[in-house]
Structures are given as structure tokens and as C-alpha cells.
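Asker: Dropping a prediction and its sequence here:
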Amino acid sequence: MTWPIRLLYALLWLAGFLPLRVLHGLGSLIGDFAWWTRMRERRITEINLALLETRGEAVPGPLDARTVLREAGKSAVEVARIWCTRPNRALKLVREVRGGELFEQALASGRGVLIAAPHLGCWELLSFWLAARTPLAIVYRPPRNAALEPLLIKARGATRVEQVRAEGAGVRSLYRRLAAGGVVGILPDQQPKQGEGEFAPFFGIEALTMVLLPRLAERTGAAVLFAFAERLPRGAGFRIHLQAAPPRIADTDLKAACTALNRGVEDCVRLAPNQYQWHYKRYSIRPTPTDRNPYSRR
């Protein structure tokens, strides 16, 4: 790691000693700052929520842009407690597990398990929880700032999770792992590059969707579960949710499979709607060239 990244890790390590409630308080202040200064994250969040109301499907339950930004702030700072402390200490923050029997049954089947973990709640803690129960490989996309990659590898490697780049040889290793009955975790709601995905509805709006997970499921016969770690109020900890995937997620028809994939993400988001990454440009690539990018200022 370069010295600025080493310094960043040291600051995260020190922050990891703070109580979760304090970290979440700091995260809320960061979210308020993004709101009052009208940062890029506020603009994108408001566009996404407006799209759902006018062109898509409104998310049930309370959904507020300012609250979303506060939750995003909490997500940014709570990793200090997850990454920069002993894994067993981080896992003490898990207060409840819902659907754990589904995971145990999938493991016992011996046919491999795919965990689809949306950008919802604290996905880093979810990885720790899974790795404490079984050897785990997670698929990741290298960050735009290449200097940050060693930090991510070091922080996520505390539980000896195998980190696999979503490219070439890495993807081939996932097929072998699943065929051998292993467990693979994937963030299913990242927008792939143009030409590398399939358009499918996400909250009623066509969104370019990854095909890697459906293809892995179809070709290996692995069980698919959706999972996330819900952030509890007032720094009380987290609740792990595991849910069965919608039907047809392993369909040979990629449109049907990607529709099921997005429906699985939606089912998770509806349980904790303000904790989803609504500040992400999920709809920036449109199905036809004449469709306007909703995030464009033109």
C-alpha cells in the first residue's frame, strides 16, 4: 500500500475502537452534510426516487432522500468497526439471523451456494458472517482508484476470504468452486458495462443487469440465496436476512433470469428501503440510444 492508503487504514483502525452508535452518529452527520451542501449523492438519490415515483414502482414504506444519505454515511464509516477489528468482535454486532436455516440447508445439499448480496445495509459484515461458517469466495470489481485495491484486499482478508476479480481466470475459478460444492458471494446490483449484461426491470424500470450470477446458477446447479445485514436503530447492531431466490433465476432465458435476479434484490430492499444505495447511477445505460440518460444535466 502507498503511504496515503496506509494512513487511511490507520485512521480506520483507530476509528474501529469507537462504539458503533458513535460511528453511526458521525455517519448521519456526513449524510446531513451531503444533503445541505447539495452534493452529487443528493442529486442522484433524488433522481432515482423521482424515477420510481413517475416511471417505475414506488418502494413500500417510508423512503426519504435525506434519510437515505444518512444511512449511506453510516455505511461509509461503520466499515471501520468491521474491517479494523478482530472478526469475532465484529460478529458480536450480529443480533439476529432470519432465514439461517435456508443457508444450512443449501450447504448440506452439497451442490454449491451462490449468495446474492445487494448493496444494502452492511454487506461487509455479511461476508464476515458467511466466512465464519464456511470457506467463502467473493467476487469484486477493482475500484476506479487502483491505489485502494490493496486496502480492500487487506481489510476483507481478515477472515481469509478468497477475493476473486470479476474477469477471466477469476470467473472460471468460480465455476470450479461451485461445482465442488463451495460458496460464492456476488454483489448482484452493479451495472455491467455496455454489451455485457441484459436489460430487465428493476422496480419497474429497465436496467442493465449482470448475467454472471444467472449463468453460474444455470451451469453449476448451485442453490441461490439473497442476503443482507440490516442496520438496526441507534447503533444496536445488525440483523442478518437470508431469503430464497425467486423462480427462474437459473433460467436459460437470460431476460427471465435477470428479471428474477432484480426481483430478488427488490424483495431485500423492501425490508430496509432507506438502507439501499440509491445514490448509485443504476439507470445510466438505457435500452436504446434515443433514451435519455436520466442523470444527464442536459
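Answerer: Yes, it's here. The shown structure was predicted, so the numbers you read here are calculated from the model rather than taken from an experiment.

Asker: For residue 77, which three-state class applies?
Answerer: Three-state assignment for residue 77 (DSSP: H, G, I helix; E, B strand; the rest coil): helix.

Asker: Now do it against residue 83, distance only.
Answerer: 11 Å (C-beta to C-beta, to the nearest Å). From N, CA and C alone the C-beta is placed, and that goes for glycine too.

Asker: does residue 286 really touch residue 207, like I thought?
Answerer: No: between residue 286 and residue 207 there is no contact under C-beta atoms under 8 Å: 9.4 Å.

Asker: more crowded one of residue 77 and residue 83?
Answerer: Between residue 77 and residue 83, residue 83 has the larger neighbour count (other C-beta atoms under 10 Å), namely 24 against 21.

Asker: Mean confidence (pLDDT) on the host helix or strand of residue 24, please.
Answerer: Take DSSP states H and E as the rule and residue 24 turns out to sit in helix 20-36. The average pLDDT within helix 20-36 is 96.

Asker: Point to the residue nearest the middle of this protein.
Answerer: residue 119 (2.5 Å; C-alpha atoms, centre = their mean).

Asker: which residues does it contact?
Answerer: Taking C-beta atoms under 8 Å, 6 or more residues apart in numbering, we find residue 119 in contact with 187, 189-190, 276-277, 280.

Asker: So among the residues you listed, where is pLDDT lowest?
Answerer: Lowest confidence among these: residue 190, with 90.

Asker: Secondary structure element holding it?
Answerer: Counting by DSSP H and E, there is no helix or strand that carries residue 190.

Asker: Then residue 173?
Answerer: Using DSSP H and E, residue 173 falls in helix 168-179.

Asker: burial measure for residue 108, as a count.
Answerer: 8.

Asker: May I have the phi/psi pair for it?
Answerer: With angles defined as degrees, to the nearest 10, residue 108 sits at phi -70, psi -20.

Asker: Now do it against residue 244, distance only.
Answerer: On the measure of C-beta to C-beta, residue 108 and residue 244 end up 15 Å apart.

Asker: re earlier: which among the contacts of residue 119 end up buried?
Answerer: 187, 189-190, 276-277, 280 (16 or more other C-beta atoms under 10 Å).
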